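1. Just a sequence and a predicted model for now, questions to come.
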Amino acid sequence: MQLTINGKQMDLGDALREHIADKLEDINEKYFNRAIESIVTMSPEGNAFTKTHISIRVGKDIMVMSDATAPEPYASFDSAAEKVAKQLRRYKKKLRDHHDRMDAAEAIKHMPAQNYVLSSEEEKEEANDPTVIAEMVTNIQTISVSEAVMRLDLSGENALLFRNAQHEGLNMIYRRNDGNIGWVDPEGTQKTLSA
């Protein structure tokens, strides 16, 4: 597993870096043992807190992410690492089944797409289009609804657009304000599958 440890506006020191590497390797071996890369970023937050962001790529287009803030850097990292471990523990069987299916499949069906990040600040000018602040190429995966829910939980994102493996139509799941997951399956996007 490739590991990158970043300290933004703070020096992490060798002991903390070793602690991070050891803990992430233990989590990888215990729950998955196939992680491709891990990125840990720590930065000061407020007056006396440290924020930790962990991002682990456990497969093609599958990211596990967590954040934590605590007064001490070790506590901040340990809290974020525990969140990652909890997510991997919850989806351990599904992740292994997913990799077995992907290894057996010759090619994953996906649809290339552009992913834009728009400015959340309202423009003072009267512009019809929002300001694009980032543009990336992404793939819309063909997966089941349950796998889409797993990926949404693992990534910590609020929404996920995917092609429904059952009918190959575009679907979206999203995290509702009440904590549940919403699922949008528009009429007319489903392809008729030949038997």
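-> Right, received. Where do you want to start? What you see is a predicted model; the values in this text were computed from it and never measured.
2. switch to C-alpha atoms for all contacts and neighbour counts from now on
-> Fine.
3. low-confidence ranges in this protein?
-> 32, 60, 96-110, 121-128, 189-195 (pLDDT under 70).
4. That one - how does it break down into domains?
-> According to automatic domain parsing, the chain comprises the domains 2-104, 110-184.
5. May I see those organised as JSON lines, with mean neighbour count added?
-> What follows is the domains of the chain, written out as JSON lines (neighbours: other C-alpha atoms under 10 Å):
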{"stretch": "domain 2-104", "mean neighbour count": "17"}
{"stretch": "domain 110-184", "mean neighbour count": "14"}
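6. Doesn't Leu160 lie inside a strand?
-> Yes. Assessed with DSSP: H, G, I helix; E, B strand; the rest coil, Leu160 lies in a strand.
7. Give me the longest helix you can find in this structure.
-> Assignment by DSSP state H gives helix 73-104 as the longest helix of the chain.
8. Show me what that one is packed against.
-> The helices and strands touching helix 73-104, judged by 3 or more C-alpha pairs under 8 Å, 6 or more residues apart in numbering; DSSP states H and E, are helix 13-27, strand 49-59, strand 62-70, helix 145-155.
9. if we go to 6 Å?
-> strand 49-59, strand 62-70 (3 or more C-alpha pairs under 6 Å, 6 or more residues apart in numbering; DSSP states H and E).
10. Would you mind giving these as a markdown table with distance to Ile181 added?
-> Conversion of the helices and strands packed on helix 73-104 to a markdown table gives the following (distance: least, C-alpha to C-alpha, whole Å):
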| stretch | distance to Ile181 |
| --- | --- |
| strand 49-59 | 22 |
| strand 62-70 | 18 |
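11. out of those, nearest to Met172?
-> strand 62-70 (16.5 Å; C-alpha to C-alpha).
12. Now do the closest one: which elements does it pack against?
-> Looks like strand 62-70 contacts strand 49-59, helix 73-104, helix 145-155 (3+ C-alpha pairs under 6 Å, 6+ apart).
13. Can you say which of the ones you listed is nearest to Asp11?
-> Here helix 73-104 is closest among the helices and strands packed on strand 62-70 (C-alpha to C-alpha), at 10.6 Å.
14. can you give me the angle that closest one makes with strand 49-59?
-> If you take axes from the mean of the first three to the mean of the last three C-alpha atoms, to 10 degrees, helix 73-104 sits at 10 degrees to strand 49-59.
15. Can you give the distance of the helix or strand just after helix 73-104 from its chain's centre?
-> Going down the chain from helix 73-104, the next helix or strand is strand 110-118, by DSSP states H and E. Averaged C-alpha coordinates place strand 110-118 at 15 Å from its chain's average position (C-alpha atoms, centre = their mean, to the nearest Å).
16. and strand 110-118, which strands flank it?
-> Note on strand 110-118: by DSSP bridges, its sheet partners are strand 132-143 (antiparallel).
17. Can you list the neighbours in contact with the strand it pairs with?
-> Contacts to strand 132-143, defined as C-alpha atoms under 6 Å, 6 or more residues apart in numbering, come from residues 109-118, 162-165.
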